[in-house]
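fold the following, please.
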Amino acid sequence: MSYSFARHETFHIRTGWFRKGLDAIEKNNHIFLETILAMDELGIGKNMVSALRYWMKTAGLTEVDFNKRKKIQVKKKLAKEILEYDEYFEDPATFWLLHFNIATNKESATSWYWFFNQFNHLEFNEELFIERLKKYIKRTGEEPPAKTSLERDFKVFRRMYLYDPEENISPENSMESPFRELKLLVKTDEGNYRVQRPDVDNLPPRILYYCLLDSLDNEDSVNIEEVLNDEGSIGKVFKLNMTLLHEYLEHLQELDYLRLDRQAGLNSIKLKKLSKGEVLAEYYNSKLR
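Numbers count the residues shown, from 1 in each chain. Model (predicted):
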């Protein structure tokens, strides 16, 4: 397994970037390999072009393809669905989907994957973040990168997720990260950082179900413990506890998406709706009512 650190060029994803990048690909699917042209088209600097290309791929919106031996960047199915339902990337639920993709991308976003799947502290500071990340890398048999790379990852991670009413002044500020609206990370009175768990008003149950389907790869039943504790599970990636997970499952059972089976000592979930596209359509269409 190859790991990646600091490939974001020290830039977090910013408001409007995903839509801008996807529009650029629609016009010229080779544009991100033509740096000067990309800079002119997107109105951002060279390193930002590289960062935007990285984030679109890491978030599962684009992938590399070839056209007559020419490397191009094409939109994945999720990008096309988001553009259909949330054209301007305005719904916070859209960023929960992209968060799930980033936090399960072990190869391209290793620090993000580690934090949401391995790091179990709900309160931390930069020193603890870097110390535990280095230990994780060594434990997997890899040599940690330079400390500066891990520090850059921490700083981008912080800017990406931190919800601070004093700093996050305007949702229209293009310098801000749209992921801040997930409110996953807040400051403590002591100056540390604390992970906040989502709730059903912030992370919609249908979006959680979409990610559950994505993580199970066409399985139609799963043990609740696995959903809570396995790497890449919705429990890990969304920092759920058992109480919150059950609250979501009850909501989804009411929507007739699944059935909870607690008979004969079982503690499992039987999935009833198995089409991710259908679930996504039902979520976004419900917003229009």
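
what residues are up against the residue lying closest to L98 once chain neighbours are set aside?
If the residues on either side of it in the chain are set aside, L98 comes closest to A59, at 4.3 Å by CB to CB, 6 or more residues apart in numbering. For glycine as for every other residue, the C-beta is placed from the backbone atoms N, C-alpha and C. By CB atoms under 8 Å, 6 or more residues apart in numbering, the contact list for A59 reads I13, F18, L98, N101, I102.

quick check, pLDDT for the residue sitting nearest the centre point of the chain.
Among the residues of the chain, the one closest to the centroid is H99, at 1.2 Å (CA atoms, centre = their mean). Note on H99: pLDDT of 98.

cool, L83 as well?
For L83, the predicted pLDDT is 97.

so it makes contact with G21?
No - between L83 and G21 there is no contact under CB atoms under 8 Å: 11.6 Å.

these two - which one has more neighbours?
G21 (26 against 18; other CB atoms under 10 Å).

out of the contacts of A59, which are inside strands?
In strands, judged by DSSP state E, none of the contacts of A59 are found.

buried ones among those residues?
I13, F18, L98, N101, I102 (16 or more other CB atoms under 10 Å).

CSV please, covering those residues and showing distance to G235.
Converted to CSV, the buried ones among the contacts of A59 look like this (distance: CB to CB, whole Å):
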residue, distance to G235
I13, 25
F18, 26
L98, 19
N101, 17
I102, 17
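
hey, where'd the helices end up in this protein?
17-27, 35-42, 46-58, 77-85, 92-103, 110-117, 126-139, 147-161, 205-216, 224-229, 234-237, 242-254, 276-286 (DSSP state H).

quick check: which ranges of this protein have low pLDDT?
1, 167-174, 263-266, 289 (pLDDT under 70).

let's see 80
1-2, 67-70, 165-174, 262-266, 288-289 (pLDDT under 80).

what about L244, distance to E250?
Applying CB to CB, to the nearest Å, one obtains 11 Å for the distance of L244 from E250.

of these two, who's got more company?
L244 (18 against 14).

name the nearest residue to that one, sequence neighbours excluded.
R197 (5.8 Å).

residues touching the one you found, list them.
Counted by CB under 8 Å, 6+ apart, R197 has contacts F238, K239, L240, N241, L244.

next: P145.
F5, A6, I137.

TSV for these, including neighbour count and distance to D40?
Formatted as TSV, those follow (neighbours: other CB atoms under 10 Å; distance: CB to CB, whole Å):
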residue	neighbour count	distance to D40
F5	18	30
A6	18	26
I137	19	39
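
which of these sits closest to N120?
Closest approach between the contacts of P145 and N120, by CB to CB: I137, at 16.7 Å.

the residue nearest to the closest one when sequence neighbours are not counted and H251, how far apart?
Using CB to CB, 6+ apart and skipping the chain neighbours, the partner closest in space to I137 is P144 (4.5 Å). Distance, P144 to H251, by CB to CB: 41 Å.

tell me which residues in stretch 88-103 are buried?
89, 91-103.

equivalent analysis for stretch 31-40, please.
I31, F32, L33, A38.

before we move on, the earlier item: of all the buried ones among the contacts of A59, which comes closest to L260?
Once CB to CB is applied, the member of those that ends up nearest L260 is N101, at 26.9 Å.

surely the closest one and E63 touch.
No - contact between N101 and E63 fails when scored by CB under 8 Å: they sit 11.8 Å apart.

and T94, what does it touch?
I82, D86.

for E225, see how far away it is.
Distance from T94 to E225, by CB to CB: 29 Å.

quick check: end-to-end length of stretch 87-94?
This stretch, stretch 87-94, spans 10 Å end to end (CA to CA, to the nearest Å).
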